[in-house]
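Trainee: From the sequence below, what's the structure:
(one chain, ligands or ions: 2)
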Amino acid sequence: MSRRFKLPSHKTKIVCTIGPASRSESVLRQMIKNGMSVARLNFSHGTLAEHRQDIRLIRSLSTELNRAVTILVDLPGPKIRIGRLESEPLYLKKGENLTLTTKNVLGTTRLLSVNYKDLPESVSKGSLIFLNDGFIQLRVQQVFKDEVNCKVLIGGPLLSHKGLNIPKAKINIETVTSKDLNLVDLALKEGIDTFALSFVEKAEDILKAKDFAQKKGKDIKVAAKIERVEAVKNIEEILAVSEAIMIARGDLGVQVPLEDVPLIQKRIIRQANILGRPVITATQMLESMTENTRPTRAEVADVANAILDGTDAVMLSEETAVGKYPVEAVTMMAKIASSTENNWRNIRLSLDLMNHFKNKIGRKKASIEDTVSLNVMEAMHMIKPRFILSPTKTGNTPRRISRFKPDCWILTFTGSDETSKFLAFSYGVYPFWIKNKVDNWPKTIMKFIKDLKLIKSGERLILTEGLASSPVGGTDSLRIITVQ
Ligand code: PGA
Ligand code: MN
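Mentor: Numbers count the residues shown, from 1 in each chain. Ligands and ions are numbered 1, 2, ... in the order given. Model prediction:
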């Protein structure tokens, strides 16, 4: 096998939401070529037929372009939404009266339907209701059996099926709904095993989805979306049972004071880094590119700052789902990532995290994998290797190295398709799925990267290995190799 293979110019992973603007073969192809590693299918929108078509297309393009692309299915959870509108966009004007009804009607500027039958019980006179991530605000005037009369405090344009938030209200909907579980079932049948769970509150919510899949004989990986006050409070227990997390700043920004979001982001990224869980920073990163070919300076700084905070992945939502410039948005994200990573001479974040492991966690808690990952970083700083090579069963070792954001690529090699796919979320990891049975991993890996012409003689490499025989994983050492 001898083919041209080039690693991306950026190590931060780019998650793109697929929608009407990016569903076509030509747009998807361009998005993959320009740096998309994860395609997020938002199961809140679209039909099953569309999702199937997206899945098929993404998989075939990933093979055609020889680029690993992982599919993430995002489940709606108990998201309250308005119904369909008579015409779009609808302009709500400040000072006007607007009725929200639990009946199913086509929305107008006077009457909007809401998919939550307990709405009247969840609000009272004076409550604030936010539409479209808080861009439109209403105040409740009067509550009836199945209607709520409001006044528009802040108006603006509104599209069908936009989200509705009632900050601080107790919502009587289960966190993982039966609709979510049905969608898990459908996605499992399509061979998907990675899900984002919306509006989780506690560890139990994640376990509920996992148990459901387990009963069907499948292990799923869950990215918990942190977008509720309760989730921020319960972050430790949520991180303990989730494989990844998403800082879902859209809903988070209406559930907590908007000004608290940046520091919550920083704190959660650090906690996830310590545990080696990939973290996705999401929503409005390049929002203005929905309409424009270039983002604002503030948006560029937001992406760069999330990377400096230690995020593994950055996400595009409306920019790629419904925006006018999906390909330009991915390209811009890749450029910001690459520039930020390359100019990141400030290695404070990785040193700080390394110090945490050296000084804070104590002898008893330090696992072998933590120790090896730390040693890999020390070796990397000393010898500046071309690559870190990490054969892995579960992905635990490369994820632990990835959290320190090493300067060189971590190439992972695994016989497990699932492990390989999930490594798409981790910073600076390029996963290779080795389909054939392997007897001697170091030998196979060296041949593999030589065939791809990724190394030259004289270059040095760091290889992680499991020398003691152990049933799972078991990486316990590192080796420094000079390419012959
Ligand atoms: P959503 O999640 O786009 O599914 O609402 C992201 C967010 O809330 O930021
Ligand atoms: Mn959300």
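
Trainee: Please count neighbours and contacts with C-alpha atoms only from this point.
Mentor: Noted.

Trainee: Distance from the chain centre to the helix or strand where residue 381 lies, please.
Mentor: Counting by DSSP states H and E, the element that carries residue 381 is helix 368-383. Distance of helix 368-383 from the chain centroid (CA atoms, centre = their mean, to the nearest Å) equals 27 Å.

Trainee: For it, name the packing helices and strands.
Mentor: helix 396-402, strand 460-465, strand 477-482 (3 or more CA pairs under 8 Å, 6 or more residues apart in numbering; DSSP states H and E).

Trainee: Could you show which parts of the stretch 151-300 of the chain are in contact with ligand 1?
Mentor: Within the stretch 151-300 of the chain, the positions adjacent to ligand 1 are 248, 249, 250, 251, 282, 283 by CA under 6 Å from any ligand atom.

Trainee: on that earlier part again, would you list the helices and strands packed on helix 368-383 in CSV and tack on mean neighbour count, distance to ligand 1 and mean pLDDT?
Mentor: Listed next are these as CSV, based on neighbours: other CA atoms under 10 Å; distance: least, CA to the nearest ligand atom, whole Å; pLDDT from 0 to 100:
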stretch, mean neighbour count, distance to ligand 1, mean pLDDT
helix 396-402, 25, 24, 95
strand 460-465, 22, 36, 96
strand 477-482, 16, 39, 94
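
Trainee: before we move on, the earlier item: max pairwise distance over the residues of the stretch 151-300 of the chain next to ligand 1: which two?
Mentor: Pairwise distances across these peak at 10.4 Å for 251 and 282 (criterion: CA to CA).

Trainee: Now do the helix holding residue 381: everything it contacts.
Mentor: 354, 357, 396-398, 400-401, 404, 406, 460, 462, 464, 474-478 (CA atoms under 8 Å, 6 or more residues apart in numbering).

Trainee: Output that helix in CSV, but only the C-alpha positions, please.
Mentor: Only the C-alpha atoms of helix 368-383 are listed here, as CSV (Å, rounded to 0.1, in the frame of the first residue of the first chain):
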residue,chain,number,x,y,z
ILE,A,368,-0.3,3.5,35.4
GLU,A,369,-1.9,5.1,32.3
ASP,A,370,-1.7,8.6,34.0
THR,A,371,1.9,8.0,34.7
VAL,A,372,2.7,6.8,31.2
SER,A,373,0.9,9.8,29.7
LEU,A,374,2.9,12.1,31.8
ASN,A,375,6.1,10.4,30.9
VAL,A,376,5.2,10.7,27.2
MET,A,377,4.9,14.4,27.6
GLU,A,378,8.2,14.7,29.4
ALA,A,379,9.9,12.7,26.7
MET,A,380,8.1,14.8,24.0
HIS,A,381,9.5,18.0,25.5
MET,A,382,13.0,16.6,25.5
ILE,A,383,13.3,14.8,22.2
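
Trainee: between it and strand 477-482, how big is the angle?
Mentor: If you take axes from the mean of the first three to the mean of the last three CA atoms, to 10 degrees, helix 368-383 sits at 20 degrees to strand 477-482.

Trainee: In helix 368-383, which of the residues would be classed as buried?
Mentor: 369, 370, 372, 373, 374, 375, 376, 377, 379, 380 (16 or more other CA atoms under 10 Å).

Trainee: any weak-confidence spans in the chain?
Mentor: In the prediction, the chain carries residues with pLDDT under 70 at positions 1-3, 345-348, 362-364, 468-473.

Trainee: mind giving me the domain split of it?
Mentor: For the chain, the structural domains run 13-78+175-343, 80-165, 351-482, going by automatic domain parsing.

Trainee: Assumed residue 240 was part of a strand.
Mentor: No. With DSSP: H, G, I helix; E, B strand; the rest coil as the criterion, residue 240 is located in helix rather than a strand.

Trainee: so what's it up against?
Mentor: Taking CA under 8 Å, 6+ apart, one finds residue 203 in contact with residue 240.

Trainee: Let the chain start at 49 from now.
Mentor: With 49 as the first residue, the last one maps to residue 288.

Trainee: Just confirm yes or no for the helix or strand hosting residue 88 near ligand 1.
Mentor: If you go by DSSP H and E, residue 88 is part of strand 84-90. No. Using CA under 6 Å from any ligand atom, strand 84-90 stays clear of ligand 1, coming no nearer than 6.9 Å.

Trainee: contacts for that strand?
Mentor: Under CA under 8 Å, 6+ apart, the answer for strand 84-90 is 61-67, 99, 106, 116-124, 378, 472-473.

Trainee: Now the closest residue to ligand 1 within the stretch 349-498 of the chain. Nearest residue, chain neighbours left out?
Mentor: In the stretch 349-498 of the chain, no residue comes nearer to ligand 1 than residue 365, which is 6.4 Å away by CA to the nearest ligand atom. In space, residue 365 comes closest to residue 65 once its chain neighbours are excluded; the distance is 5.0 Å by CA to CA, 6 or more residues apart in numbering.

Trainee: Give the helix, strand or coil label for that neighbour.
Mentor: Criterion first, three-state DSSP; result for residue 65: strand.

Trainee: That one and residue 90, how far apart?
Mentor: Going from residue 65 to residue 90 by CA to CA, to the nearest Å gives 7 Å.

Trainee: Name the residue in these two with the higher neighbour count.
Mentor: Ranked by neighbour count (other CA atoms under 10 Å), residue 65 and residue 90 place residue 65 first, with 26 against 19.

Trainee: who's in contact with the more buried one?
Mentor: 87, 88, 89, 90, 363, 364, 365, 366, 368, 369 are the contacts of residue 65 under CA under 8 Å, 6+ apart.

Trainee: which one of those residues is nearest residue 149?
Mentor: The closest of the contacts of residue 65 to residue 149 turns out to be residue 90 (CA to CA; 25.5 Å).

Trainee: what's the spacing between residue 120 and residue 94?
Mentor: Applying CA to CA, the value for residue 120 to residue 94 is 15 Å.

Trainee: Look at residue 299 and residue 330 and report which has more neighbours.
Mentor: Taking other CA under 10 Å, residue 299 and residue 330 do not tie; residue 299 has more neighbours (25 against 20).

Trainee: so who does the most centrally placed residue in the chain touch?
Mentor: With distances taken as CA atoms, centre = their mean, the residue of the chain nearest its centroid is residue 328 (3.9 Å). Shown in contact with residue 328 (CA under 8 Å, 6+ apart): 292, 293, 294, 295, 359, 360, 361, 362, 363, 473.

Trainee: again, 7 Å this time
Mentor: Residue 328 makes contact with 293, 294, 295, 359, 360, 361, 362, 363, according to CA atoms under 7 Å, 6 or more residues apart in numbering.

Trainee: Check residue 413 too.
Mentor: Counting by CA under 7 Å, 6+ apart, residue 413 makes contact with nothing.

Trainee: what's the burial count for residue 164?
Mentor: 20.

Trainee: ok so it is a strand residue?
Mentor: No. Assigned with three-state DSSP, residue 164 falls outside any strand and is coil.

Trainee: which SS state does residue 190 fall under?
Mentor: What three-state DSSP gives for residue 190 is strand.

Trainee: got a list of what the nearest residue to it once chain neighbours are set aside touches?
Mentor: Leaving aside its sequence neighbours, residue 190 sits nearest to residue 197 (CA to CA, 6+ apart; 5.1 Å). Going by CA under 7 Å, 6+ apart, residue 197 touches 146, 147, 148, 188, 189, 190, 191.

Trainee: and with 6 Å instead?
Mentor: By CA atoms under 6 Å, 6 or more residues apart in numbering, the contact set of residue 197 is 147, 188, 189, 190.
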